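Structure here, sequence nowhere to be found:
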């Protein structure tokens, strides 16, 4: 009887701790998905924005990411950016502009059914790099492209 | 509020059999909150899209989290794998004032 009770306790405890671990691991990204990360978009420095959106302040530079943007943008209000990568299993793609008032422009959560290719249009306040940060397999990779802006597009 | 409905174009990419190219343009002010109204000298309140969800045959394939620094009348292009002619593409967005729009299209 005692033996059974002990075994029962041991197995249930082990099972429940596993369930908690799985729950924490699986639920965390879902919560991130559900809520718009206000703190990341409000961040006023590159480090803050990076940490808030990706969880780390730096990313390894990678040659497998291509950031396509015009060399000179005449109008900073509309700058077309295309990001392509050959990195597999891309989970998230973020576009940041270090010299904008708020650095984080956009963050895309990709599923395996989407090709690693994205185009969007952003605003740029002044001449700056455009940084693409890719999260794949829990690792961060980044690439950048300088864009010269002749007319800023964030304020009046 | 969007001045006119969003436009979605979806087609099977040339040279492929199952990759669909999607191009979307949403008509939205995307006001950053940093611009001043020239007449009153007051800041124009921020009004921008925060989240765009892209669905392929009812399944979410891409979630876009946008900030105020996405351009006015945002344009978005991406590619969906395992697609075929006639597949349903559905896009929905919500902005910081809670306004919403849903757009639908089929792969050509």
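Looks like it came in fine. Predicted model, so just to flag it, every value in this text is computed and none were measured.

So which bits of chain B are right by chain A?
Contacts of chain B with chain A, taken as CB under 8 Å from any CB of the partner chain, map to B:19, B:32, B:34-36, B:38, B:50-51, B:56, B:59-72, B:74-82. (Each C-beta comes from the backbone N, C-alpha and C, glycine too.)

Helix or strand for residue B:52, just tell me which one.
Secondary structure from DSSP states H and E places residue B:52 in strand B:49-56.

who does that strand pair up with?
If you go by DSSP bridges, strand B:49-56 pairs up with strand B:59-66 (antiparallel), strand B:88-95 (antiparallel).

So which of those strands is the most surrounded?
strand B:59-66 (a mean of 21; mean count of other CB atoms under 10 Å in any protein chain shown).

Can you name the residues in contact with the next helix-or-strand element following that one?
If you walk from strand B:59-66 toward the C-terminus, the next helix or strand you reach (DSSP H and E) is strand B:75-80. With contact meaning CB atoms under 8 Å, 6 or more residues apart in numbering or on different chains, strand B:75-80 is reached by A:80, A:82, A:113-115, A:117-121, B:10, B:13, B:19-26, B:52, B:54, B:56, B:61-62, B:64, B:87, B:89.

which of these count as buried?
Neighbour-count burial (16 or more other CB atoms under 10 Å in any protein chain shown) is assigned, among these, to A:113-115, A:117-121, B:10, B:19-22, B:24-26, B:52, B:54, B:56, B:61-62, B:64, B:87, B:89.

Which of the residues you listed fall in helices?
Within the buried ones among the contacts of strand B:75-80, no residue falls in helices by DSSP state H.

and these, which of them are in strands?
A:114-115, A:117-121, B:10, B:20-22, B:24-25, B:52, B:54, B:56, B:61-62, B:64, B:89 (DSSP state E).

Show me where chain B dips below the pLDDT cut-off.
By pLDDT under 70, the low-scoring segments of chain B are B:1-2.
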